[in-house]
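Asker: Build me a structure from this.
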Amino acid sequence: MEELKANILEAVNLFLEKSGKFVTEDDLKIVLDLPQFFEFYKVINAKALSERIGMNQSLLAQYIKGVKKPSSIQTNRILKGVQQVGRELAGVQFP
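Answerer: Residues are numbered from 1 along each chain as shown. Next comes the predicted model:
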């Protein structure tokens with residue numbers, strides 16, 4: 001994601017160079033939908049996530065493939081599950 005942001009900044013600033021304008025990372029807001037998120041973060045196992053959040057695996061797969069669009073409640077449910085995994089991974093330490 002950091003590399004993506006850097007590449008976007010470079011491209012936008014090259015485009016704006018002649019106008020004398022400049023953008024910073026704070027000016028960027030990158031938003032991913034569910035299919036884009038799971039394509040980018042392939043390391044996240046959708047089956048395991050569906051079990052963790054108590055969602056039908058085939059329904060989550062349909063959301064990920066873009067076949068169905070999740071409601072805001074379902075989106076938040078998925079997001080909370082992903083964030084919980086992230087917090088747990090951030091706390092992992094190896095001897």
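Asker: Count the neighbours of Leu60 for me.
Answerer: Leu60: 24 surrounding residues under other C-beta atoms under 10 Å. For the C-beta atoms, the positions are set from N, CA and C on the backbone; glycine is no exception.
Asker: ah, wrong one, I meant Leu32
Answerer: 12.
Asker: tell me the SS of it?
Answerer: The three-state label for Leu32, taken from DSSP: H, G, I helix; E, B strand; the rest coil, comes out as coil.
Asker: OK, contacts around it?
Answerer: Shown here is Leu32, whose contacts under the criterion C-beta atoms under 8 Å, 6 or more residues apart in numbering are Phe40.
Asker: Thr75 too?
Answerer: With contacts defined as C-beta under 8 Å, 6+ apart, the neighbours of Thr75 are Leu34.
Asker: Helix or strand: which one has it?
Answerer: Per DSSP states H and E: Thr75 is located in helix 72-90.
Asker: Quick one: distance of that helix to the chain centre.
Answerer: Averaged C-alpha coordinates place helix 72-90 at 11 Å from its chain's average position (C-alpha atoms, centre = their mean, to the nearest Å).
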